[in-house]
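Visitor: After the sequence you'll find the predicted model.
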2 protein chains.
Amino acid sequence: MMTIGRLATAAGVKVPTIRYYEQIGLLGAAERSAGNQRLYGRDAADRLAFIRHARELGFPLEAIRDLLSLSDRPDQPCDAADAIARAQLADVTRRLARLGALKVELERMIEQCSGGRIADCRVIEVIGDHALCETDHRKASGARAIV
Amino acid sequence: MMTIGRLATAAGVKVPTIRYYEQIGLLGAAERSAGNQRLYGRDAADRLAFIRHARELGFPLEAIRDLLSLSDRPDQPCDAADAIARAQLADVTRRLARLGALKVELERMIEQCSGGRIADCRVIEVIGDHALCETDHRKASGARAIV
DNA sequence: GCTAATGCCTACAGCAACTATAGCTACAAG
DNA sequence: CTTGTAGCTATAGTTGCTGTAGGCATTAGC
């Protein structure tokens, strides 16, 4: 049995993150020591590693919740897990395309800036006048979780 | 002079977003009609268009705040604006690399999943055991604004 | 055995950048 | 003159944590 700090170190997450995962029900309530401190065993460590890796792959917590409950039913067909992963891939692909376009436009902007005064600054100018930019990124303005 | 709704439509943002920008000081307080409704002129529309385009390029609001104050001083050298844009480009480039790696791993995972039962599901398995994945994405776990 | 330094506890506030809700007033069209 | 849309304020919610305050628990060194 390990304390929350050791578990955090082992899994590579921060202590409050573990408590947060418990709070939102991703991790079940831990056992407690006589002094009311959380104690974790192998199971919890595995589960946390799963969560951490899924987060690294960019899965949102809700998707991870689903993946975890799927992994608790090993006899079920894995279509659902597959679908979640495919949705995530689609999301990543969309973001990649978008970011690629942003990169091109930022590069173009910066390249054209000759380093004079603000009045002639291509950066400011392009941002101020959308007509000066070719890229059509007028969609998906909502902020999303990245990575 | 236009109402907030027309400005929102013209700029392609939502009405509450404009009020939010005013609240955080990105847009100054608008003139008001006799009935206390906000009224906007050409200036505000330009400024909002600038903000919107900068957001589309992924600049965080703090950077936009700086860019706006720079654009108010056209005689200054444009190094600062340039630096902000370069920082943004660097950020986008980093995110692109990361997302690219994620995409590869997700594809690998999905491809190997044969569609059987959860117990054999490659998706669940790879997420559960980091050793099964080659990609080293064990950094930058913090969520960031995307796009 | 004692004390100091960690480590853990709870509860709450804050981050970005909005978005949504509730309950009200203003204004334009018929 | 009514009705419907648009606007107003204030507040809470979103995602995934992170940071703070104030107070116990545990452990390492003496």
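Guide: That came in fine, so what should we check first? Because the structure is a prediction, the values reported are computed rather than measured.
Visitor: Next up, identify which helix or strand the residue of chain A found nearest DNA strand D is on.
Guide: Relative to DNA strand D, the nearest point of chain A is A:G35 (2.0 Å; C-beta to the nearest atom of the strand). All C-beta atoms are positioned from the backbone trio N, CA, C, and that covers glycine. Secondary structure from DSSP states H and E places A:G35 outside every helix and strand.
Visitor: do the same with the one 4 residues further on
Guide: Following DSSP H and E, one finds A:L39 within strand A:38-39.
Visitor: still on that earlier bit, quick one, grab the pLDDT at the residue of chain A closest to DNA strand D.
Guide: A:G35 is assigned a pLDDT of 95 by the prediction.
Visitor: now do A:E105
Guide: 92.
Visitor: circling back: run the contact check for the strand holding A:L39 versus DNA strand D.
Guide: No: using C-beta under 7 Å from any atom of the strand, strand A:38-39 stays clear of DNA strand D, with a minimum separation of 9.4 Å.
Visitor: Equivalent analysis for stretch A:43-58, please.
Guide: Yes: using C-beta under 7 Å from any atom of the strand, stretch A:43-58 reaches DNA strand D at A:R55.
Visitor: In that stretch, which residues are buried?
Guide: Neighbour counts over stretch A:43-58 (16 or more other C-beta atoms under 10 Å in any protein chain shown) mark A:44, A:47-58 as buried.
Visitor: what are the phi and psi values for A:C113?
Guide: The phi and psi values for A:C113, taken as degrees, to the nearest 10, are phi -80, psi 120.
Visitor: Domain map for chain A?
Guide: Following automatic domain parsing, chain A resolves into domains at A:4-58, A:79-132.
Visitor: Just give the number of residues close to A:G28.
Guide: Around A:G28 there are 11 other residues, counting by other C-beta atoms under 10 Å in any protein chain shown.
Visitor: make that A:Y20, sorry
Guide: 14.
Visitor: so it, which of the three states?
Guide: Under DSSP: H, G, I helix; E, B strand; the rest coil, A:Y20 falls in the helix class.
Visitor: Please enumerate the helices of chain A.
Guide: A:4-11, A:15-23, A:42-56, A:61-71, A:79-112, A:122-128 (DSSP state H).
Visitor: Out of the ones you listed, which gets nearest to B:E125?
Guide: Closest approach to B:E125 among these (C-beta to C-beta): helix A:61-71, 9.0 Å.
Visitor: List the strands paired with the strand holding A:L39, with their directions.
Guide: strand A:31-32 (antiparallel) (DSSP bridges).
Visitor: need the residues of chain A near DNA strand D, please.
Guide: Residues of chain A lying close to DNA strand D (C-beta under 7 Å from any atom of the strand) are A:13-14, A:16-17, A:20, A:33-37, A:55, A:60-62, A:145.
Visitor: 10 Å instead, please
Guide: Counting by C-beta under 10 Å from any atom of the strand, the positions of chain A adjacent to DNA strand D are A:3, A:8, A:13-21, A:23-24, A:26, A:32-37, A:39, A:51-52, A:54-56, A:58-65, A:142-146.
Visitor: Nice, that's everything, thank you.
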